[in-house]
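**Student:** here is a sequence with its predicted model. Questions after.
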Amino acid sequence: MAATAKFSLARPVRRFFQKHFERWLARRIPSQQEHQLNSRNIMIYPTRFGLAYLGFVVLVFLLGTNYQNNIILLFSYLLASLFISVMLHSFYNFSQLRFYSVAKQQGYAEEVLYFAIKITTEKTHYDINAHFTDKALNSQVEKIELCQQGSHELRLVYKTLQRGKHWLGRVTVFSEYSLGLFKSKSILDFGHYAIIYPKAKSLIADQYQLSAQADEPSIDSYQSTNSVGTDDFSELKSFVRGESKARTAWKQLAKGQGHYSKHYQAEQSQLHWLKLSEMPSNDVEIQLAYLSFLIGELTASNQSFGLQLSTELSCQSMNIAPNSGFHHQQACLTALALYS
């Protein structure tokens, strides 16, 4: 009973200190894409080996004092001065590093995402390590043994089985150079988060077909009843990353006029939609997985489509107008990831 009471008392105390520590961190090291290490955001404290070393120094000093032996006292002073020198050296090794990282990454469930952290320095550093601070992420420690002058990169791994928007919290950067007596650490906030799309689940060809939005009240609001097709040449547009190279206007590219892609139009009488309500399943997650598969297939074949997650046509965040291309695919997949 006493042990249970002590455990229940320790938990709120731990939460209290954790809450106030996070508030202090938010003021001391605010969220931003780029951080430079200095005396304001570096924390240094002894490692277990450092504490044992300090205890040994105190013991030697007490022995020298007790026996009034100057040689033992001198030895203890030398050990203490080494302890302080290593602390200053640890700070010098860790300071002036500059870290930069982009906050957002996106991918499918069960895929591995890599959050790249770029490190730039004007001097040589040793033993630079980084990992996500949140222990629930089970983040592995990524390490650079020798960080020479110039640019380097650390890639933190993240993997999840659930779709949605996942905030990953802060990144702990640390070094135990030199001699392992001290740990120099900083807890940086890049605002890292991941948009996880539903994992694509294959559909048989006969299970679903593009449907038309027969009762669309505002077709004119889309400004055109044409969709991308292969019938009539329409115009040249700047090449967008992700487009098929088969559309490249090679004649203009050869003349040095720039990288353009050809666009065609085919008349259509109806707008085609992917509808959540028409997916062949009663499970919402399976329906979203089917939609994720169809979005990928239609984008790969460069077909125009719209996405309807809500029966209320006025809900723009859940209903995306027909379009095609890489950016349209990303917008549709993000809508699936954030659907609730």
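**Tutor:** Good, I have the coordinates. Keep in mind that this is a model prediction, so the values were computed, not measured.

**Student:** which residue ranges form the helices in the stretch 51-200 of the chain?
**Tutor:** For the stretch 51-200 of the chain, the helices defined by DSSP state H, counting those that start in this stretch occupy 70-94.

**Student:** just checking, residue 99 touches residue 118?
**Tutor:** Yes - using CB atoms under 8 Å, residue 99 is in contact with residue 118, at 7.2 Å. (C-beta placed from N, C-alpha, C; glycine too.)

**Student:** quick one: low-confidence parts of the stretch 201-340 of the chain?
**Tutor:** Residue ranges of the stretch 201-340 of the chain with pLDDT under 70: 204-237, 239-247, 250-253, 255-257, 260, 262-271, 311-317.

**Student:** hmm, back to that, give me the more crowded residue out of residue 99 and residue 118.
**Tutor:** Neighbour comparison, residue 99 and residue 118: the larger count goes to residue 99, with 21 against 14 (by other CB atoms under 10 Å).

**Student:** which ones are touching the closest residue to that one other than its chain neighbours?
**Tutor:** Using CB to CB, 6 or more residues apart in numbering and skipping residues adjacent in sequence, the residue nearest residue 99 is residue 35, 4.9 Å away. Going by CB atoms under 8 Å, 6 or more residues apart in numbering, residue 35 touches 29, 41, 98, 99, 100, 186, 188, 190.

**Student:** tell me which stretches of the stretch 201-340 of the chain form helices.
**Tutor:** Using DSSP H, counting those that start in this stretch, helices in the stretch 201-340 of the chain cover 250-254, 284-300, 326-338.

**Student:** list the buried residues of the second one.
**Tutor:** Residues of helix 284-300 classed as buried by neighbour count (16 or more other CB atoms under 10 Å): 287, 288, 289, 290, 291, 292, 293, 294, 295, 296, 298, 299.

**Student:** ditto for stretch 128-145
**Tutor:** Within stretch 128-145, the residues that count as buried by 16+ other CB under 10 Å are 128, 129, 130, 131, 132, 133, 137, 139, 142, 144.

**Student:** secondary structure element for the residue nearest to residue 99?
**Tutor:** Here residue 35 sits within strand 34-36, counting by DSSP states H and E.

**Student:** grab the longest helix from the protein for me.
**Tutor:** Across the chain, the helix with the greatest residue count (assigned by DSSP state H) is helix 2-28.

**Student:** now do it, average pLDDT.
**Tutor:** Helix 2-28 comes out with an average pLDDT of 75.

**Student:** ok, stretch 34-48 next?
**Tutor:** Computed over stretch 34-48, the mean pLDDT rounds to 94.

**Student:** give me the distance between the two termini of that stretch.
**Tutor:** End-to-end distance for stretch 34-48, by CA to CA, to the nearest Å: 31 Å.

**Student:** looking at the buried residues of stretch 128-145, which is nearest residue 336?
**Tutor:** Residue 336 has its nearest neighbour among these in residue 137, at 23.1 Å by CB to CB.

**Student:** of the buried residues of stretch 128-145, which is the nearest to residue 340?
**Tutor:** For these, the closest approach to residue 340 (CB to CB) belongs to residue 137, at 22.4 Å.

**Student:** report the contact partners of the closest one.
**Tutor:** Applying CB under 8 Å, 6+ apart to residue 137 gives the contacts 158, 168, 169.

**Student:** just the ones of these in strands?
**Tutor:** Assignment to strands by DSSP state E places the following of the contacts of residue 137 there: 158, 168, 169.

**Student:** ok, so of those, who is nearest residue 92?
**Tutor:** Of all the ones in strands among the contacts of residue 137, residue 92 sits closest to residue 169, with 28.7 Å by CB to CB.

**Student:** in this structure, which strand is the longest?
**Tutor:** In the chain, with assignment by DSSP E, the single longest strand is strand 182-197.

**Student:** re the thing from before, let's have the ones in strands among the contacts of residue 137 in JSON lines, adding distance to residue 57.
**Tutor:** JSON lines is the format used below for the ones in strands among the contacts of residue 137 (distance: CB to CB, whole Å):
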{"residue": "158", "distance to residue 57": "42"}
{"residue": "168", "distance to residue 57": "41"}
{"residue": "169", "distance to residue 57": "37"}
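
**Student:** which one among those residues gets closest to residue 328?
**Tutor:** Distance to residue 328, by CB to CB, is smallest for residue 158 among these, at 25.8 Å.
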